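Novice: got a sequence here, can you build the structure:
(2 chains, ligands or ions: 2)
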Amino acid sequence: MAVVTVDGKDIEIGATERLNCIEVARRAGVEIPHYCWHPGLSVVASCRMCLIETGTRDPATGKVTMMPKLVPGCQTPAKDGTVIVTESALVKESRARVEEALLIDHPIDCPICDKAGECLLQDYHFEHGQAERRADIHAFHSRRRDVGPTVTLFVDRCIMCTRCVRFAREVSGTSELMVINRGAKEEIDVFPGFPLDNKLSGNVVDLCPVGALGDKDFLYQQRVWFLKREANVCGGCATGCSITTEHNQDSVYRLKPRENPHVNKWWMCDDGRYGWHHLHDSSRLLAAEHRSAAGSTRQTIEWPDVVTRLRDDLKGAGSLAVAVSPMLTLEEAWMLCAVARSIDPQAFLAVGHVPTRGADESFPGGFTIRAEKCPNRLGVEAVVSLFDQPLHSWNDLLEHVRAGRTTAAWITAGHPEPWIDAATAATFADLKCLVVQDLFDSPLAQLATWRLPAAGFAERAGTWVNAGHRAQSFEQAIRAPAGVWPEGRLFWNMLGRRGLYDPVAVRQQIAESSATLAALAGEMPATGVDLRLQQLAGA
Amino acid sequence: MPPFTPVLLEAVGIPNGHTLASYRSRGGYAPLEQILREKQPVDVVEMVKASGLRGRGGAGFSTGLKWSFLPKDHPGPIYLCINADESEPGTFNNRILMEDDPHQVIEGIILAAYATRATTAYLYLRYEYPQSWERLQGAIDEAYAAGYLGSAIKGSSFSLNLYLHKGAAAYICGEETGLIESLEGKRAWPRIKPPFPAVEGLFRKPTVVNNIETMACVAQIARRGIDWFRSIGVPADPANPRDPGSYGPKLYCLSGHVERPGCYEAPLGITARQLINEYGGGVWKGRRAKAAIPGGISMGLLTEAELDTPLDFAGPGRVGCLGLGTAAVVVIDETVSIVDFLHNSCRFFAHESCGQCTPCREGTAWSLRMLERIKAGKGRLKDLELLAEIGNTMGMMPGSTICGLADGAAWPIKNAIKKFRGEFEDYIKTTNPTGWMVTDPVPALQIVGAH
Ligand SMILES: Cc1cc2nc3c(=O)[nH]c(=O)nc-3n(C[C@H](O)[C@H](O)[C@H](O)COP(=O)(O)O)c2cc1C
Ligand code: SF4
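Specialist: Ligands and ions are numbered 1, 2, ... in the order given. Model (predicted):
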C-alpha cells in the first residue's frame, strides 16, 4: 500500500497503481482544476491550471520536504510519501492568474454560447478566478470556422488546450486538426480540403472544456441547464456504448458518451451520437392497429384491448412462430418468449433480423464500431435458448414459414432503418395472423393483421448484452410518444402481471431461471457486468 | 588583462581556414585518430568531465555529466543532436565557428558521438545561415571523403553519420526538446520533462543535445588537454559546493553601441566592462553605457554600475540576471529609452513564444500590449506592477511553464522594471499626465501585432 497525503488527508493507493496527482486528489474528494489533461489522451501539461505544491514525506522521520516550485498535477506521479497541497496561497494565486490569462482574449460571449452552464472556463473562473479584470478592455471577435460536417469552431473562445488535436491524432487516428500560428495568435485549424470528417468527430465537442467546438447538431437547440440526463446505452451497434441521453419534455436533444472502461472509455461514434433523430420522426408508427380480415382497412385499437384480443387471435390461428428482435431488451425478449409459449406451448422461437452494415471499424485509440447494427443479439440469443433449442435464426424462421409449418407469426423489429424488402415480406402473406411490431411502416407491416408500434432505444428500460458479453441495464430516458406502448409494457400486461412494468423484477426472474445468466441478479453496476466472467466463475 | 591568443577562433583570418587541409595543418583530427586508436568512449567522457567543460548553449550544464546520464548498455540507437539554431538575440558565435572553422566543430562532434556511442548525429542549423550551411556541407563532404565520417572511421570499429538539417526559423527550435520535436518533423513544442532527452529523446531514444561551441571546446580539449582547459577561466568557488567553476575560453558576442562589435574569444570571467573597453573599443561615439545585456536578451539587464560583473557562469546571477546565457553582450548607450528596450524585448518573446503554456502565451502577449500602450503615451503606474507580476510568475523557475523561453521573457521585464523603475515612472508620468494614476482597466490600443 502506498500512502499519499492530499491537503493533510492520507489516501491509500494500490502499490501498482499509476496515478497522477489529479487522480489521487479526486479520491480524496479534492478537485484539482485542469483543462488540457484528460485521462484518455497524452499528457501535455500546457494549460498550467493544475499547478499544485508537492513534497515528499521521509518514511523514517516523517519529515516533509516541499518542492520549491509549483508542479502540474497531471504530470506528477503520486507515489508513496507524496504530499500534495492544493489550497495554498501560491496555488490559488497561480490558478487565478491562469484564469485571468485565459480571459484576456476570450470573448466572454456566454449568453450566446452553447457551452454556458457546462463550461469549465465559467466554472473555474467562478471558483478560482479573480473578480476584477486587470488587462485592457478591447473589442471582442467571435469568429467561426467550419472545421467539418459535424463541428463548428468558435475560434476566439478557444483556450488552446489541444485536447481535440490530440484526440484526432491519438484516438481517431485521423489527424485532421492542428495548431496554426504561434504564441497568442495560435488557432486550431484544418488543412484546406481536409475537414474534420471521421466517425468519431463528435467526441471533440465533448472534450472541449470551453465553448470553442460546437456540435452542429445541437447548436442553439437548447440551453444545457434545461436538459435532464438519463444513463442509457446506445442501440446503434453491438458495441453498446454507455451513453447519457439528454432530453427535455420527452424530446432528446443530444447523446453523450458515458465513461465506461469496459466498453467505450470516454467515446462514442457519430452514427450513434446523431442516431437518435428517428425517435422524433413524424412517420413513426404511433398507434396499435388491427385488421379483421385480409384486405380490409386497419382500425386503431386501444392497448387494453390489444392485450386481450391479440392473445385470442393468435390462439385461434393455431401454430405460432415468433421473431425476437435483437433491438429488444433481455427482459422484453424473455417476456415475449413466455407470452408466446403461453399461447402456443410449441411456438417456434427465433432471433429476429440482425441488421449489419459494412465491416467492423477499429480506431487506433481502441474504439470499435461494429458492423452489427443492433445492441442485443447475444442477449436475445441467450434468452431464446432458454425456451427453444436449438437456437433458430431469422432465416430459420423464414424457412419455417415458407415450409408452411406455422399459421401465425409475431415479428418484433424496432429497427430505425428499413430492414425488409417486399419479396421477403411476401413470405408471410398467407398466414392467418401476422403481428408486426416496428418503429416504421414496411412491406411487412403492410401485410400485418396487427400492426403495433415499437419503442425507440431511449424509450425502453431493461438490459442489453453487447458484443463483448457485457450486460448493461438502463432506465427509460423519455416516454414513448402518445399511443405507443413500449414492448415491455405490452408483454408484461399480456403475462397478466400486475402494476407497472418492472424490468428489474423480470431481470431477477431471468437470473434465477438460468445459471448462465445468474450474473444478472442484484444491483447492476453503472458500467454493467461481464456475463462470460460470471459464467467462468460458475463453471 | 594579458592578451588572449584565440584558440576556438584560431582559423579566423587564415586564408581557406575552413578547409580540411588548413584544419589538419593546425593539428586538427590527429587527436581524434589517436583517441579512436587508444581510448575507450568512457575515457572521452571522463576527459570532458575532468576538464570542467560546461555547455555553451545557454544553460551551462556540465557536458561530461550530461553524457554520463545516458543509460548504460543501451542497445541503441543513441542520437547526438548538435544545436546550431542560434537564435538568442545578440548571439553569433556558433556562426563564426561554422563558417570559419567547420572542421573543428565536426571533430568535436565525432568525439562527442564516440563518447556517447551515437552512430547518428544531426546538426540542426537555423534557416537564416546559408553560408554556414554551405561551409558545413562542404566540410562534411570533405570529412566523409577523408574517412572521418562514415563507417569504420580511420580503421576503428566506430562509425558515424552526420546529417545537416535546416530548421524553418523559430527561436523555440533551439530549446533542446523543441529541437527534437522539430527534427521529428513536428511543431517545435518543447516536451515536458521527465523523461529527459538522455533517457527518451529523438525518436524516443536516448539523445544528447549539445551546442556548436561546446563541440569546438571538446575538439580543443582533446588537442590541448584537460590542464590547458582548466588553466583558463574561473575556478570553482570553494565556499559554494554547487559551483563547478567556469573553465576554458569563451566566445563573447559583443554588439550594440560599441565602437568595434564582434565575436571575441576571451577567458571565462572577463568582466563586461573589460570586454566593452578592451575588445570593443568602448561605448560608441564617446557616450556612456546605460545598460548591457549580459548573455542574450533572455538573461536580463546589467546597469552601467554592474558592468564590472565577471561574465562567467556564476557572475551575472549575482546581480539578479538569469545567467551567462550565450555570452552575447549587447550594449545600450545612454540615449536609449529603457521603455524602447523593453518593448523590443517583449515583442521578440511574444512573437517567439511557442504558445503551449498559458502563462507564457498570454503573459508575453499581455506584456507586449502594455508596452505598446505605454509607448503610445497611455501608460499607467499600475502597468509597472502588472509587468513585474508577469515577470515574477512566468517561467520554469516558478514552475508555471514547460520551457525556459518564458524565464527568458520574464527576466528582461523584471530586471528592467526593478533596475530602471525611475525611468519608467518618469516616462509614464510625462507622456500621460492625466492618466498615469488610473488603476481601472483602460481601453486597449488597436494592435497591429508583433509581426
Ligand atoms: C527558448 C530557448 C532557446 C534556446 N536556443 C538555443 C540555441 O539556439 N542554441 C543552443 O545551443 N541552445 C539553445 N538553448 C539551450 C538548449 O535547450 C540546450 O540547453 C543546449 O542546446 C544544450 O547544449 P550545451 O549543453 O552544449 O549547452 C535554448 C534554450 C531555450 C529555453
Ligand atoms: S514556456 Fe513558452 S515557449 Fe516554452 S513551451 Fe511554454 S509556451 Fe512554449
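
Novice: gap between the residue in the stretch 101-250 of chain B that ligand 1 sits nearest to and A:V179?
Specialist: Here the residue of the stretch 101-250 of chain B nearest ligand 1 is B:G174; by Cβ to the nearest ligand atom that distance is 2.2 Å. Any C-beta I mention is one placed from the backbone N, CA and C, and that applies to glycine too. Distance of B:G174 to A:V179, computed by Cβ to Cβ, to the nearest Å: 20 Å.

Novice: elements contacting the biggest strand by length in chain B?
Specialist: Counting residues, the longest strand found in chain B (DSSP state E) is strand B:249-256. On a contact count with 3 or more Cβ pairs under 8 Å, 6 or more residues apart in numbering or on different chains; DSSP states H and E, strand B:249-256 meets helix B:93-100, helix B:212-224, strand B:262-267, strand B:328-333.

Novice: could you rerun that using 10 Å?
Specialist: Other helices and strands packing on strand B:249-256, by 3 or more Cβ pairs under 10 Å, 6 or more residues apart in numbering or on different chains; DSSP states H and E, are helix B:93-100, helix B:212-224, strand B:262-267, strand B:289-293, strand B:328-333.

Novice: for chain A, which of these is the nearest?
Specialist: Judged by Cβ to the nearest Cβ, the one of the helices and strands packed on strand B:249-256 that comes nearest to chain A is strand B:289-293, at 21.5 Å.

Novice: now that closest one and strand B:328-333, what's the angle there?
Specialist: 160 degrees (axes from the mean of the first three to the mean of the last three Cα atoms, to 10 degrees).

Novice: about what we covered before: make a markdown table from the helices and strands packed on strand B:249-256 and add distance to ligand 1, mean pLDDT and mean neighbour count to it.
Specialist: Listed next are the helices and strands packed on strand B:249-256 as a markdown table, based on distance: least, Cβ to the nearest ligand atom, whole Å; pLDDT from 0 to 100; neighbours: other Cβ atoms under 10 Å in any protein chain shown:
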| stretch | distance to ligand 1 | mean pLDDT | mean neighbour count |
| --- | --- | --- | --- |
| helix B:93-100 | 7 | 98 | 24 |
| helix B:212-224 | 3 | 98 | 26 |
| strand B:262-267 | 15 | 98 | 20 |
| strand B:289-293 | 15 | 98 | 26 |
| strand B:328-333 | 11 | 98 | 25 |
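
Novice: among these, single out whichever gets nearest to A:V384.
Specialist: helix B:212-224 (74.9 Å; Cβ to Cβ).

Novice: next secondary structure after the closest one?
Specialist: Remark: after helix B:212-224, the chain's next helix or strand is helix B:226-230, criterion DSSP states H and E.

Novice: pLDDT on stretch B:50-57, on average?
Specialist: Averaging pLDDT along stretch B:50-57 yields 98.

Novice: dump it to CSV, keeping only the CA atoms.
Specialist: Extracted C-alpha coordinates of stretch B:50-57, given in CSV (Å, rounded to 0.1, in the frame of the first residue of the first chain):
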residue,chain,number,x,y,z
ALA,B,50,37.6,16.3,-15.8
SER,B,51,38.0,19.4,-18.0
GLY,B,52,35.1,21.0,-16.3
LEU,B,53,33.6,22.0,-19.6
ARG,B,54,30.1,23.4,-19.2
GLY,B,55,27.7,23.6,-22.2
ARG,B,56,27.9,26.8,-24.2
GLY,B,57,24.3,26.7,-25.4
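
Novice: is that stretch positioned near ligand 1?
Specialist: Yes - using Cβ under 6 Å from any ligand atom, we find that stretch B:50-57 touches ligand 1 at B:55-57.

Novice: ok so, going back, isn't the residue of the stretch 101-250 of chain B closest to ligand 1 up against B:A188?
Specialist: Yes - using Cβ atoms under 10 Å, B:G174 is in contact with B:A188, at 8.8 Å.

Novice: pull up the overlap in contacts between those two.
Specialist: B:85, B:167, B:182 (Cβ atoms under 10 Å, 6 or more residues apart in numbering or on different chains).

Novice: any weak-confidence spans in the chain?
Specialist: Using chain A here. Under the criterion pLDDT under 70, the flagged ranges of chain A are A:534-539.

Novice: switch to chain B, that's the one I care about
Specialist: In chain B (pLDDT under 70), the answer is B:1-2, B:447-451.

Novice: that one - how does it break down into domains?
Specialist: Split into domains by automatic domain parsing, chain B comes to B:20-231, B:246-333, B:338-431.

Novice: need the ones you listed in TSV with distance to B:A239, can you?
Specialist: Converted to TSV, these look like this (distance: least, Cβ to Cβ, whole Å):
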stretch	distance to B:A239
domain B:20-231	18
domain B:246-333	11
domain B:338-431	23
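
Novice: A:E187 is nearest to which of these?
Specialist: domain B:338-431 (9.8 Å).

Novice: now do the contacts for residue 67.
Specialist: Just going to use chain A. A:52-56, A:76, A:83, B:399.

Novice: look at chain B instead
Specialist: Shown in contact with B:W67 (Cβ under 10 Å, 6+ apart): B:41-42, B:44-46, B:48-49, B:80, B:112, B:115-118, B:198, B:208, B:210.

Novice: ok, A:V3 next?
Specialist: The neighbours of A:V3, taking Cβ under 10 Å, 6+ apart as the test, are A:10-13, A:57, A:59, A:78-82.

Novice: now the contacts of A:M67 in JSON lines, with secondary structure?
Specialist: Listed next are these as JSON lines, based on DSSP: H, G, I helix; E, B strand; the rest coil:
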{"residue": "A:I52", "secondary structure": "strand"}
{"residue": "A:E53", "secondary structure": "strand"}
{"residue": "A:T54", "secondary structure": "strand"}
{"residue": "A:G55", "secondary structure": "strand"}
{"residue": "A:T56", "secondary structure": "strand"}
{"residue": "A:T76", "secondary structure": "coil"}
{"residue": "A:V83", "secondary structure": "strand"}
{"residue": "B:G399", "secondary structure": "coil"}
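
Novice: what ranges do the helices span in the stretch 351-500 of chain A?
Specialist: Ranges of helices within the stretch 351-500 of chain A are A:377-387, A:394-402, A:422-425, A:443-447, A:487-494, based on DSSP state H, counting those that start in this stretch.

Novice: in stretch A:286-297, what's buried?
Specialist: A:287-291 (16 or more other Cβ atoms under 10 Å in any protein chain shown).

Novice: about what we covered before: more neighbours, B:G174 and A:V179?
Specialist: B:G174 (27 against 18; other Cβ atoms under 10 Å in any protein chain shown).

Novice: near ligand 2, which residues of chain B?
Specialist: B:172, B:190, B:353-357, B:360-361, B:401-403, B:405-406.

Novice: hmm, back to that, can the contacts of A:V3 go into TSV with extra columns for secondary structure and distance to B:S246?
Specialist: Converted to TSV, the contacts of A:V3 look like this (DSSP: H, G, I helix; E, B strand; the rest coil; distance: Cβ to Cβ, whole Å):
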residue	secondary structure	distance to B:S246
A:D10	strand	46
A:I11	strand	46
A:E12	strand	49
A:I13	strand	45
A:R57	strand	38
A:P59	coil	39
A:A78	coil	39
A:K79	coil	37
A:D80	coil	40
A:G81	coil	37
A:T82	strand	37
